[in-house]
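Enquirer: Fold the following for me, if possible:
(3 chains)
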Amino acid sequence: MSQVIFFIAAIGVISGAVGVVMLRNPFYAVLALVAHLLSLAVLFLLLRAEFVAAIQVVIYAGAVMVLYVFVVAYVGDQTQPLGERIGAPGAVGSRLRLGGLLLAGALVVELLIALLGTGLQAIDGKGAGYTPGPQAFGTPAYIGKLLLTRFLLAFEVASFLLLIAAVGGVVLARRRHGLDEQEEEDLLVPMDLLRPGSAGTMAEGVGRR
Amino acid sequence: MSQTTYGWLVLAFPLAGTLTIAFARHHLPGRSAGWIGTGAIFLAFLAALGALLEMQSHAPEHRQMVSSLWNYASTVGVDAQMSILVDPLSVFMILVVSGVSTLIHLYSITYMNEDEGFKRYFAYLNFFVFSMLVLVLAGNFLLLIVGWAFVGAASYLLISFWYRRTTATRAGIKAFVINVIGDVGLVLGTYFIFKHTGTLDFLRAFHATTAGAFGHGSNDGDLVAGCMLLLVGAFAKSAQIPLHTWLPDAMEGPTPVSALIHAATMVTAGVYLIARMHPLFELAPAAEDVGAIGGAATLLIAGSIALVQTDIKRVIAYSTMSQIGYMIMGVSVGAYAAGLFHLMTHAFFKALLFMGAGSIIGAMAGEQSLEKMGGFRKVMPFTYGCFIVGGLALSGLPPFSGFFSKDEILLVTGERGGWHWALYVAGYIGAFLTAIYTFRMIFRAFHGEPVPEAVELKTGTLHHAHEPTNPATGEVEDTDVGFPGPFHTIAERAQPMRVAMSILALGAFGAGLVQIPKVDFVIDDFLAPSFVGSRLYQTHERSGLLIFGIVLGTVLGLAGIAVAYRVWVQRPGTATVVRERLRPLYELLVNKWYFDELNDALVVRPAAAVGRFAMGTFERVFVDETLIGGTTGLVRAGSAAVRAVQSGFVRYYAALLVLGLACVGFYFLLQT
Amino acid sequence: MSIAWYLAVSAIVFSLGAIGVITRRNPLVVLLCLELMLNGGNLALIAFSRMWGNGDGQILAIVVMTVAACEVCIGLGMIVALYRRHLPIDVDELRELQG
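Expert: Residues are numbered from 1 along each chain as shown, chains lettered A, B, ... in the order given. Below you'll find the model as predicted:
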């Protein structure tokens, strides 16, 4: 039974991935990725990672992809033809596509060889034993205990990173000049008081302000 | 207090004077800087007297004392200490230096009264005296070199005191450059001495040398080389041929500076050096002979040039050169006490002559040419009297001091025998020339028809120039700082000048009685502890040469005065006639034996050519184009090649990343 | 299924993502493909975590997801900023950092 579910989910994963790569319309690509993510969540469940699967669905497919959809809606439909212009300048164009395909093909072959050809017995097995219980492997309680004991630092740093990303996002995308014209106020910064009258700011030196 | 404490005080007072005047210059009212400077040197003189008394209270064997304040470094076999040596020789020198300096400071107070750079002048002058005292009191080669260099620097500062005059600044540079050549000689000579004796300290080095550090024969190669290099230093500082060209130009400085530095003290440093290094020189007779011949040559050449000079200060400058030639000759043949005695008397009468020259230049409102002077005898009696006293002393007539000292030198030279007879003869010819040019100067300036300035002075007003001009080039100057300005004074009107000159005149007159050759041995005995172990130090024997020498000296002196009188007073046109008859000789003398041109051709032009070559060819082609251009070209090409990877296309970078990843994976696959 | 199958799927997804990053010109889609690669990595991590039987892999996968979220935020912010300034939304056209 689990094998059947595995194959269905695996096919869903790979076709979602192929769809992301191949679909021209970015909106469709986003939808393909959503499908990919949901199938990946099923695979996680098969691997008894219940909490991670839930996280995947809620956050990745739920929040991140919604963000993507918003931006795609804002930026607009930039459908591009699949084939590149022949003779495009530089390293773009069909040369790059061909080279990229080859390289990635080489990559997948290597990875498969590496993963499957090692002869590691554990890979051939189904994994370590599983004892169900309230704090069994993969349950939220289990993950929570790990996060707050062994991986506390990673947890904190990750949350700090989220904060930085949020601030960064706001800064990047904000309006420079507002809806109504701002006046150039002569704001007196404390540095201005300390600076001698003959010196100037770098901005003045460049020619602005 | 011990004599070395006095020694340190002698150094401390002028240093304190310099620093006070230099740092408190904005707070010093009026002319107090001058009095502070004079007071500092006077205190140094008193300390020198204290050292003298203290030293004489010891037994002769114990009169050489070394005192060391601290070690600069005592590593790698170099004993670099700050130590002074207080012994009869150095006490003699500090007495002369500080004594004459006090009088010159006193003279300067009124001479430089209205000069805008009054305080700067006294700060520099005190610094000079400090440096000279360091030089003389030094107990090891290190401090000697320090004092030597400082004295050169002070000389430069004072020669170009009126710094807006290009003639003065050029003269200062010339003096400094030639002095630096001497410095190099001194340092290299020190190296040679140090190499064999292993110590920088004087007494230890001398002891090592006499004990055989340079081998037991004489004229060891390294020792001769070292002594010759020391001679280079001495000749440069004392303005002997061939490093003498700076001294006449140094007359661009104020007259008291000429009196102090270029008559009484700095130029005698070479004499002091040879006397101090006598253990080394006695073991290197070759170097001694070079020194003696150099001294003799200088005294003749300088004397001959002085015959045709028209600038009054330059006459006295060449006279100084000539007299120093006597001193160098004296200490090179072993007449140490005589040479130093002449140093002392020369300091007196030469400073006196310069002071008098300052007075008469003041009467001429800055004009220094003898051709424009005349007839000041009646209106400036005091100055005339000083000139007469100084001139008689310089000409070597008894009972003035110059007679005794000069004759003593020549006496000892003659007594050495052998080829030194040539020096003996040269010395007396020089004496004859000395008398002629000295009294030529006096007669031209003071006798004859009074010139307009003298007439004006008779009515009671000092002549003032319509606009101040440079006496050498005639260009007009303004009265701001950096130029002498319009103020001049004469001795008859300035009390400090008269006091200083009178004391010097007394010295010029009476100092000779201190050591009458073969009668008194005051100086001999006084200096004897410094010359223990010298095989040439005068013995107290008499010889017949004494009477002969005395008589010859007097006769030649009087003959010279007579010649001068006849040519310049009785028959005024004689000089022009003789000049026309001996035209080539005259040209040679007026052009100072072409030494300046020789230096120009031998040294200046090649150096300039090398500089031009370096700048034009070497710098441009080799350094700029090859070295710098090549290196930057290489770097540019390399970075251009690397830059091509940065195409700007993100996908290209991503492809490179995947390529890298694939390669790494491939590598790890191969590993297993 | 043995763990090997999951790892094979992970490798294929990762390579597909790499192809997408190199090939596509729309920065939005490039970011999506980047997400693909991250997901491939996540799958491998979870698989190995199951293999060893401890939760380290899962924790790391959670952190990877966090980082991916942050990166998406910033990347999309940049694209919005580009759009605001009327610049072409084309990875090949944006090459001022060359040279």
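Enquirer: How about the contacts made by the residue lying closest to B:Val481 once chain neighbours are set aside?
Expert: In this structure, B:Val481 finds its nearest non-sequential neighbour in B:Glu116, 3.6 Å apart by C-beta to C-beta, 6 or more residues apart in numbering or on different chains. C-beta: built from backbone N, CA, C; applies to glycine. Residues in contact with B:Glu116 (C-beta atoms under 8 Å, 6 or more residues apart in numbering or on different chains) are B:Asp480, B:Val481, B:Gly482, B:Gly485.
Enquirer: for C:Val30, same thing?
Expert: Counting by C-beta under 8 Å, 6+ apart, the residues that C:Val30 touches are B:Val650, B:Arg651, B:Ala654, C:Gly20, C:Val21, C:Arg24, C:Val91.
Enquirer: Got the domain ranges for the chain?
Expert: I'll assume chain A. For chain A, automatic domain parsing gives the domain ranges A:1-79, A:136-169.
Enquirer: my bad, the chain I had in mind was chain B
Expert: As given by automatic domain parsing, the domain ranges for chain B are B:358-590, B:596-671.
Enquirer: Dump the ones you listed into JSON lines; add mean neighbour count, mean pLDDT and distance to B:Thr190 as well.
Expert: What follows is the domains of chain B, written out as JSON lines (neighbours: other C-beta atoms under 10 Å in any protein chain shown; pLDDT from 0 to 100; distance: least, C-beta to C-beta, whole Å):
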{"stretch": "domain B:358-590", "mean neighbour count": "19", "mean pLDDT": "83", "distance to B:Thr190": "20"}
{"stretch": "domain B:596-671", "mean neighbour count": "13", "mean pLDDT": "83", "distance to B:Thr190": "24"}
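Enquirer: What is the burial count for A:Gly117?
Expert: Residues lying near A:Gly117 (other C-beta atoms under 10 Å in any protein chain shown) number 10.
Enquirer: From A:Glu110, how far off is it?
Expert: Distance, A:Gly117 to A:Glu110, by C-beta to C-beta, to the nearest Å: 10 Å.
Enquirer: what about B:Gly253, how many neighbours?
Expert: B:Gly253: 26 neighbours (other C-beta under 10 Å).
Enquirer: isn't it right next to B:Ile159, touching?
Expert: Yes - between B:Gly253 and B:Ile159 there is a contact at 4.3 Å, judged by C-beta atoms under 8 Å.
Enquirer: tell me, what's touching those two both at once?
Expert: Joint contacts of B:Gly253 and B:Ile159 (C-beta under 8 Å, 6+ apart) are B:Ala168, B:Ala171.
Enquirer: so which strand or helix has the closest residue to chain C within the stretch 101-250 of chain B?
Expert: Of all residues in the stretch 101-250 of chain B, B:Ile173 sits closest to chain C, at 53.7 Å by C-beta to the nearest C-beta. B:Ile173 belongs to helix B:166-197 when elements are defined using DSSP states H and E.
Enquirer: tell me the phi and psi of B:Gly221?
Expert: When quoted as degrees, to the nearest 10, the phi and psi of B:Gly221 stand at phi -50, psi -50.
Enquirer: For B:Gly215, see how far away it is.
Expert: 9 Å.
Enquirer: hmm, the longest helix anywhere in chain C touching chain A?
Expert: Longest helix in chain C, counting residues (DSSP state H): helix C:56-84. Yes - contact of helix C:56-84 with chain A is found when judged by C-beta under 8 Å from any C-beta of the partner chain, involving C:56, C:58-59, C:61-63, C:65-74, C:76-81, C:83-84.
Enquirer: circling back: for the residue of the stretch 101-250 of chain B closest to chain C, list the residues it contacts.
Expert: Contacts of B:Ile173 (C-beta under 8 Å, 6+ apart): B:Tyr156, B:Ser160.
Enquirer: same deal with the one 4 residues further on?
Expert: For B:Val177, the set of contacting residues under the criterion of C-beta under 8 Å, 6+ apart consists of B:Trp246.
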